[in-house]
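K.L.:
what shape does this take:
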Amino acid sequence: MQVSKMAAGLSGSEIIRIGNQVSEQVRQGANICNLTIGDFDPRIFPIPAELSTGITEAYHQGHTNYPPAAGIAELRQAVSEFLKTRQGLDYGPNDILVAGGSRPLIYATYRALVDPGDRVVFPLPSWNNNHYCHLTGATQVAVATQPENNFMPTAAELAPHLVGATLLALCSPLNPTGTVFTKAGLEEICDLVLAENKRRGPNEKPLYVLYDQIYWLLTFGNTQHFDPVSLRPELRDYVIYIDGISKCFAATGVRVGYSFGPPAIIEKMKSILGHVGAWAPKAEQVATAHFLPEATAVDTFIADMKNKLQDSLQALFAGLKELQAQGYPVDAVVPAGAIYLTAKIDVLGRTAPDGTLLTTTAELTSYLISEAKLALVPFSAFGTPASEPWFRASVGAETVDSIQAALPRLRAALDKLKR
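P.N.:
This is a model prediction of the structure:
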């Protein structure tokens, strides 16, 4: 069958492939600690009760027709006020675009700004930028990051690649690492973007920044979230933000995302998504518009969610560090935000009990699923080489007890490997 070159070259999701492997094990009766998918088990992390009730009421009130292409006015006003109150960002309703989650908004950003052959710069590891580049025909410029910087890109790493680029795609807190930009680190990158845009002529396309902050309310301890326009207001004309309720309110299936940025770009994104039809459902928009201004309910929910997430992340972090202290070749990065922990399992080159030599993280992933009943996602799913022994653990769909029970199984699986 003949398909487009784009479709023919589009690769599938490594996370979904691993998920299918886990599902098959579960079907056969295995009890897997599944730390793969960036989602939530509603039994552990239900959405806010006020939001749930509001969605039901909105359906009963008949909000089942098409919403406006940019999102209902009430929600865009609520988002505008939420951003102003919570982040000090001053974006009016006309600067905001609502869609069915953050993915259509990222796609629309690429479509609105990137022509085929344009260069898009993004760090490794990062989520899905390689696929959005493929969808738009962009030239990928993937910049490797370092564990000593918590896998966050630095200005020094990005600087050689920004000349002539169209888009710099950033995310904080970062999927897959659960780490965040420091203020100084993000300021240095912002200054690079400003300098590059001052260098360009009036007929050149600017360097834009896609800033994905979908996890920004989920930071832990003394960690603070920083964003480009708050740090450098003169970047306002160049930054498109990606945000929404999917992660911070455990509402991945509710499908309400929003983007904000320069009005002319937001208008083009609205037109793109209008043709695609990627609207958030109207009833969910109505309920979200009523929920966001309820400061006490929002604060209570976020505080409880952060506590539960931190308990899970800390249980996994402490367990891995204990194994490290016992001499096992594992490590972990202190979780700072989102729902992810960065784990290192450095046993490539060893041999499994069945004689299989583990040469890639994909092979190690399969071994851990079958032998330790523990499912992780290797950073190779996010663009890094398959020889680098780093993994993402996502804790939204497992309990603390499940995580703690998996750690002895991991130790036993490591013990079975031969040098």
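K.L.:
tell me which element N197 is part of?
P.N.:
Assigned by DSSP states H and E, N197 belongs to helix 183-199.
K.L.:
ugh, wrong one, I meant T179
P.N.:
T179 belongs to no helix or strand, assigned by DSSP H and E.
K.L.:
from what I see, it and P153 are in contact.
P.N.:
No: counting by Cβ atoms under 8 Å, T179 sits too far from P153 to count as a contact (10.8 Å). C-beta here means a position set from N, CA and C on the backbone, and glycine is covered the same way.
K.L.:
what are the buried residues along the helix holding N197?
P.N.:
Neighbour counts over helix 183-199 (16 or more other Cβ atoms under 10 Å) mark G185, L186, E187, E188, I189, C190, L192, V193, L194, E196, N197 as buried.
K.L.:
number of residues surrounding the residue lying closest to the fourth one once chain neighbours are set aside?
P.N.:
Leaving aside its chain neighbours, E188 sits nearest to A155 (3.7 Å; criterion: Cβ to Cβ, 6 or more residues apart in numbering). When neighbours are counted by other Cβ atoms under 10 Å, A155 registers 17.
K.L.:
pLDDT score for A155?
P.N.:
Reported pLDDT at A155 in the predicted model: 98.
K.L.:
list the contacts for it?
P.N.:
A155 makes contacts with G185, E188, I189, D191, L192, as judged by Cβ atoms under 8 Å, 6 or more residues apart in numbering.
K.L.:
how near is the closest residue to the third one other than its chain neighbours to E234?
P.N.:
It refers to I189. Closest residue to I189 apart from its sequence neighbours, by Cβ to Cβ, 6+ apart: A155 at 5.0 Å. Separation of A155 from E234 (Cβ to Cβ, to the nearest Å): 17 Å.
K.L.:
report the mean confidence score over the helix or strand harbouring A8.
P.N.:
Using DSSP H and E, the element containing A8 is helix 5-9. Helix 5-9 carries an average pLDDT of 94.
K.L.:
any chance you could list what contacts the very next helix or strand once past that helix?
P.N.:
The helix or strand immediately downstream of helix 5-9 is helix 14-27, counting by DSSP H and E. The contact list for helix 14-27, computed with Cβ under 8 Å, 6+ apart, reads 32, 34, 36-38, 362, 365-366, 369-370, 373, 375, 377-378, 380-381.
K.L.:
just those residues: which has the poorest pLDDT?
P.N.:
I37 (89).
K.L.:
nearest residue to Q213 in space, ignoring adjacent ones along the chain?
P.N.:
Going by Cβ to Cβ, 6+ apart, Q213 has D243 as its nearest residue, at 5.6 Å.
K.L.:
contacting residues for that neighbour?
P.N.:
D243 makes contact with S102, Q213, I214, W216, G257, Y258, S259, F260, according to Cβ under 8 Å, 6+ apart.
K.L.:
just give me the closest of these to I302.
P.N.:
W216 (10.9 Å; Cβ to Cβ).
K.L.:
list the contacts for that closest one?
P.N.:
Q87, S172, P173, H225, D227, D243, C248, G337.
K.L.:
which one of those residues is nearest P68?
P.N.:
D243 (18.8 Å).
K.L.:
doesn't the closest one lie inside a strand?
P.N.:
Yes: D243 forms part of a strand when assessed by DSSP: H, G, I helix; E, B strand; the rest coil.
K.L.:
do you know the pLDDT at it?
P.N.:
Taking D243 on its own, its pLDDT is 98.
K.L.:
any idea what it is bridged to?
P.N.:
With DSSP bridges as the criterion, D243 is bridged to Y258.
K.L.:
tell me where the stretch 301-419 of the chain has helices.
P.N.:
Using DSSP state H, counting those that start in this stretch, the helices of the stretch 301-419 of the chain run over 361-367, 400-415.
K.L.:
of the ones you listed, which is nearest G71?
P.N.:
Closest to G71 of the helices of the stretch 301-419 of the chain is helix 400-415 (Cβ to Cβ; 37.0 Å).
K.L.:
so how far is the closest one off the chain centroid?
P.N.:
26 Å (Cα atoms, centre = their mean, to the nearest Å).
K.L.:
winner for burial among the helices of the stretch 301-419 of the chain?
P.N.:
Among the helices of the stretch 301-419 of the chain, the stretch with the highest mean neighbour count (mean count of other Cβ atoms under 10 Å) is helix 361-367, at a mean of 21.
K.L.:
among the contacts of W216, which ones are in strands?
P.N.:
Counting by DSSP state E, those place D243 in strands.
K.L.:
wait, which of the contacts of W216 is closest to T109?
P.N.:
Nearest to T109 among the contacts of W216, with distances taken as Cβ to Cβ, is D243, at 12.2 Å.
K.L.:
nearest residue to the most centrally placed residue in the chain in space, please, no chain neighbours.
P.N.:
The centroid of the chain falls nearest to N175 when counting by Cα atoms, centre = their mean (3.8 Å). With Cβ to Cβ, 6+ apart as the criterion, N175 has its nearest non-adjacent residue at 4.4 Å, and that residue is W127.
K.L.:
tell me the contacts of the one you found?
P.N.:
C171, N175, P176, F382.
K.L.:
switch the cut-off to 10 Å
P.N.:
15, 38, 106, 169, 171, 174-176, 212, 214, 381-383, 392 (Cβ atoms under 10 Å, 6 or more residues apart in numbering).
K.L.:
of those, buried ones?
P.N.:
The buried subset of those (16+ other Cβ under 10 Å) comprises 15, 38, 106, 169, 171, 174-176, 212, 214, 381-383, 392.
K.L.:
that's all I had, so thanks and see you.
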